[in-house]
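S.K.: quick one, fold the following:
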Amino acid sequence: MSGYFAELVNDKTIIGACIGAAFSVVGAFVAYRLNVRLESKKIKSSKKEQIYEELLKLLSNMRLKHSYSYLTLIDRKHDAEQIELEKGSNAEKILMITNLYLPELKIEVKEAISEFHTFNRIYNDTRHSNFIYKDKHLEKIEKSFSTAEHKLTKIINELVEI
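M.R.: Got it, this is the predicted structure:
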């Protein structure tokens with residue numbers, strides 16, 4: 001048996017095959033790790049683009065509501081009614097994608113969505129309860145709008161930099 005083992009050790013073909021097999025296993029492992037990393041980057045990039053698009057939609061919808069408020073304020077209710085506002089909100093979708101794929105923006109996005117909901121609540125109270133737009137209602141809408149717009153714009157800019 002020891003003679004057979006000695007022949008195997010001296011046989012360069014078997015040693016070369018074993019070394020080649022070892023390098024193949026290492027190469028496959030490295031390729032797998034690189035592929036996983038690349039896929040992760042692709043998914044994160046895709047989700048970042050999706051959040052960017054959803055944030056722009058949210059900001060656009062908010063600006064339309066702001067325009068509606070001003071048109072109503074200056075007694076152009078007919079023109080205000082021509083503005084088509086999107087029903088519903090994509091805020092929950094933005095939060096979900098951020099929590100799953102971009103946790104580094106979780107706190108900022110949560111704050112911005114909270115500000116959006118505050119603006120939305122004030123806007124809806126003013127629009128649907130037949131308030132006569134007075135200075136205090138206009139102030140509330142303006143303050144809430146500018147805060148929410150600032151936070152959403154800040155997140156959009158951060159997304160571009162990531």
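S.K.: buried sites along the helix or strand hosting L138?
M.R.: Element membership of L138 [criterion: DSSP states H and E] is helix 135-161. Within helix 135-161, the residues that count as buried by 16 or more other Cβ atoms under 10 Å are 137, 140-141, 144-145, 147-149, 151-152, 155-156, 159. Any C-beta I mention is one placed from the backbone N, CA and C, and that applies to glycine too.
S.K.: so K106 makes contact with T98?
M.R.: Yes: using Cβ atoms under 8 Å, K106 is in contact with T98, at 5.7 Å.
S.K.: the more surrounded of the two?
M.R.: Taking other Cβ atoms under 10 Å, K106 and T98 do not tie; T98 has more neighbours (26 against 13).
S.K.: what's the distance between the nearest residue to that one once chain neighbours are set aside and N61?
M.R.: Counting by Cβ to Cβ, 6 or more residues apart in numbering, T98 lies nearest to V109, which is 4.5 Å off, once chain neighbours are set aside. Separation of V109 from N61 (Cβ to Cβ, to the nearest Å): 16 Å.
S.K.: looking at the two, which has the bigger crowd around it?
M.R.: Set V109 next to N61 and count neighbours by other Cβ under 10 Å: V109 wins out with 24 against 18.
S.K.: returning to that earlier point: look up how far E92 lies from the residue nearest to T98.
M.R.: For V109, the distance to E92 - Cβ to Cβ - is 11 Å.
S.K.: the residue lying closest to I94 once chain neighbours are set aside: neighbour count?
M.R.: Spatial nearest neighbour of I94, excluding adjacent residues (Cβ to Cβ, 6+ apart): E54 at 5.0 Å. By other Cβ under 10 Å, 17 other residues sit near E54.
S.K.: ok, now K12?
M.R.: 8.
S.K.: K93 now?
M.R.: So K93, with other Cβ under 10 Å, has 14 neighbours.
S.K.: what do you get for I113?
M.R.: Residues near I113, counting by other Cβ under 10 Å: 23.
S.K.: what do you get for the one 3 residues further on?
M.R.: With neighbours defined by other Cβ under 10 Å, the count for F116 comes to 25.
S.K.: quick check: angle from the lengthiest helix in the chain to helix 135-161?
M.R.: Using DSSP state H to define each element, the chain has its longest helix at helix 12-73. Going by axes from the mean of the first three to the mean of the last three Cα atoms, to 10 degrees, helix 12-73 is angled at 160 degrees with respect to helix 135-161.
S.K.: tell me which strands and helices helix 12-73 is in contact with?
M.R.: helix 77-82, helix 91-101, helix 106-128, helix 135-161 (3 or more Cβ pairs under 8 Å, 6 or more residues apart in numbering; DSSP states H and E).
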